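> missing the sequence, but the structure's below:
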């Protein structure tokens, strides 16, 4: 009993550590986001009242005597903000937010997401170059067959066939790396006819194979059972043509800096595409909201699971979530940067602003709604 309790306590302390690291990662993303607003606000000489890490009651802070800016840490480590003077009202000074040129306001508003995108790009590029990217490995390989007269078949000996352990680098000139694209290989080999040009890494050397799609032979559980009661395997020929293999695990391969740089750019596009595909499936009913979306608690829990998996998983998760945070903040939802950009564009088109008090009230109500939505999504994720 004492041993069991000790093991349980150890697991609890481990998970506490995972959650602390996850929280630090999330706060770093938010810090970078707000730093983007702050940096370009300083460049364009906006008056800044406060730069805060966290929400709620102030734990401690320091005022810059030269600029009057307050740098603070607040009690709830679930966000942060960069507060500009005159952000939701008519400003008195030319340096107040709404008195600055519209193009400068749009840049400052977008800079938060921009810093999220840029930091993810830099970190993932270094990661791909120094550690490596994940490529699919060929697991089980099935024999290629051709049908002959009478409905029987014969095995085809093909020197171009994949081998167990081959690392698949590309198919038809399209790279197969990225954990975000686990299903890319399946989409590339879809269809019954044709020849595929598959680049593999075999025994440390790159090879390009020209694979003609065939029917292939597999073994499945039959109706009969052996002495141990296990089903006896029987031969089965695939109805459709393919390349006759099953994916195994992943292999980590370092990329040259040039490839890491270009893949770092496509990495952000992959996250963007996967994010919007998920949203599309939610609205079409293909995915439930609880499965695909969550609030702050869900993000922290997901990061904690990655912390458990090790540093490479942490870095990958950090970059994915950082891009996701950037995407979320440029969406045109009240209180988010995207909606403020929309209001600035409307002001540029009308050549005069909307009522500042109305705009401020929209953002305030939007913020309350977003907090409530985050809580509901977390409850749906964990209990739905």
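Now that the structure is in, tell me what you want to look at. Values in this document were obtained by computation on a predicted structure and should not be read as measured data.

> and residue 209, what does it touch?
Contacts were defined as Cβ atoms under 8 Å, 6 or more residues apart in numbering; by that measure residue 209 touches 160-162, 197-200. C-beta coordinates here come from the backbone N, C-alpha and C atoms, glycine included.

> inside strands: which ones of the residues you listed?
In strands, defined here by DSSP state E, the members of these are 197-200.

> return the closest of those with respect to residue 145.
Ranked by distance to residue 145 (Cβ to Cβ), the ones in strands among the contacts of residue 209 are led by residue 198 at 19.4 Å.

> leaving out the residues flanking it, which one is nearest to that closest one?
Spatial nearest neighbour of residue 198, chain neighbours left out: residue 209 (4.8 Å); criterion: Cβ to Cβ, 6 or more residues apart in numbering.

> that neighbour should be in a strand, yeah?
Yes: when DSSP: H, G, I helix; E, B strand; the rest coil is applied, residue 209 is found to be in a strand.

> thinking again about what came up before, top of the contacts of residue 209 by neighbour count?
The most crowded member of these, judged by other Cβ atoms under 10 Å, is residue 198 (24 neighbours).

> for residue 120, phi and psi?
According to degrees, to the nearest 10, the main-chain angles of residue 120 amount to phi -60, psi -40.

> what about it, neighbour count?
Counted with other Cβ under 10 Å, residue 120 comes out at 26.

> can you work out which other helices and strands pack against the helix or strand where residue 299 lies?
When secondary structure is defined using DSSP states H and E, the element that contains residue 299 is helix 296-309. For helix 296-309, the helices and strands in contact under the criterion 3 or more Cβ pairs under 8 Å, 6 or more residues apart in numbering; DSSP states H and E are helix 2-43, helix 311-329, helix 356-383.

> now do the buried residues in that helix.
Buried positions in helix 296-309, judged by neighbour count with 16 or more other Cβ atoms under 10 Å: 296-304, 306-307.

> let's have these in JSON lines, adding distance to residue 13 and pLDDT.
Rendered in JSON lines, the data for these read as follows (distance: Cβ to Cβ, whole Å; pLDDT from 0 to 100):
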{"residue": "296", "distance to residue 13": "23", "pLDDT": "76"}
{"residue": "297", "distance to residue 13": "20", "pLDDT": "77"}
{"residue": "298", "distance to residue 13": "23", "pLDDT": "79"}
{"residue": "299", "distance to residue 13": "22", "pLDDT": "80"}
{"residue": "300", "distance to residue 13": "17", "pLDDT": "81"}
{"residue": "301", "distance to residue 13": "17", "pLDDT": "82"}
{"residue": "302", "distance to residue 13": "20", "pLDDT": "81"}
{"residue": "303", "distance to residue 13": "18", "pLDDT": "81"}
{"residue": "304", "distance to residue 13": "13", "pLDDT": "83"}
{"residue": "306", "distance to residue 13": "19", "pLDDT": "80"}
{"residue": "307", "distance to residue 13": "14", "pLDDT": "81"}
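
> could those go into CSV alongside distance to residue 367?
What follows is the buried residues of helix 296-309, written out as CSV (distance: Cβ to Cβ, whole Å):
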residue, distance to residue 367
296, 14
297, 18
298, 19
299, 18
300, 20
301, 23
302, 23
303, 23
304, 26
306, 28
307, 29
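
> and the helices in the stretch 151-300 of the chain, which stretches?
Remark: helices of the stretch 151-300 of the chain, listed N- to C-terminal, are 184-188, 257-284, 289-292, 296-309; assignment by DSSP state H, counting those that start in this stretch.

> if I look at the spatially most central residue of the chain, how far off is residue 326?
To find the centre residue of the chain, average its C-alpha atoms and take the closest one (Cα atoms, centre = their mean): that gives residue 320, at 2.9 Å. Taken as Cβ to Cβ, to the nearest Å, the spacing of residue 320 relative to residue 326 amounts to 11 Å.

> anything in contact with each of the two?
residue 120.

> domain ranges for this structure?
For the chain, the domain assignment from automatic domain parsing gives the residue ranges 17-131+306-383, 134-253.

> could these be laid out in CSV, adding distance to residue 275?
Supplementary listing: the domains of the chain in CSV, determined by distance: least, Cβ to Cβ, whole Å:
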stretch, distance to residue 275
domain 17-131+306-383, 6
domain 134-253, 10
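
> of the ones you listed, which is nearest residue 270?
Of the domains of the chain, the one closest to residue 270 (Cβ to Cβ) turns out to be domain 134-253, at 4.4 Å.

> now that closest one: average pLDDT?
For domain 134-253, mean pLDDT rounds to 78.

> closest one to residue 336 out of the buried residues of helix 296-309, please.
The nearest one, if we look at the buried residues of helix 296-309 relative to residue 336 and count by Cβ to Cβ, is residue 296, at 14.5 Å.

> contacting residues around that closest one?
Taking Cβ under 8 Å, 6+ apart as the definition, contacts of residue 296 comprise 26, 78-79, 374, 378.

> so residue 130 touches residue 252, yeah?
No: using Cβ atoms under 8 Å, residue 130 is not in contact with residue 252; the gap is 11.3 Å.

> and stretch 89-103, what's buried?
Under the neighbour-count criterion of 16+ other Cβ under 10 Å, stretch 89-103 has 91, 95-100, 102 buried.

> farthest-apart pair in these, please.
Maximum pairwise distance in these, criterion Cβ to Cβ, is 15.2 Å, between 95 and 102.

> which residues in the stretch 51-200 of the chain form strands?
70-84, 133-141, 143-147, 153-155, 167-171, 174-175, 195-202 (DSSP state E, counting those that start in this stretch).

> please identify the buried residues of stretch 320-338?
Residues of stretch 320-338 classed as buried by neighbour count (16+ other Cβ under 10 Å): 320-330, 333-338.

> actually, stretch 373-381.
Judged by neighbour count (16+ other Cβ under 10 Å), stretch 373-381 contains these buried residues: 374, 377-378, 380-381.

> now flag whichever of these is closest to residue 155.
The shortest approach to residue 155 among those belongs to residue 381, at 49.2 Å (Cβ to Cβ).
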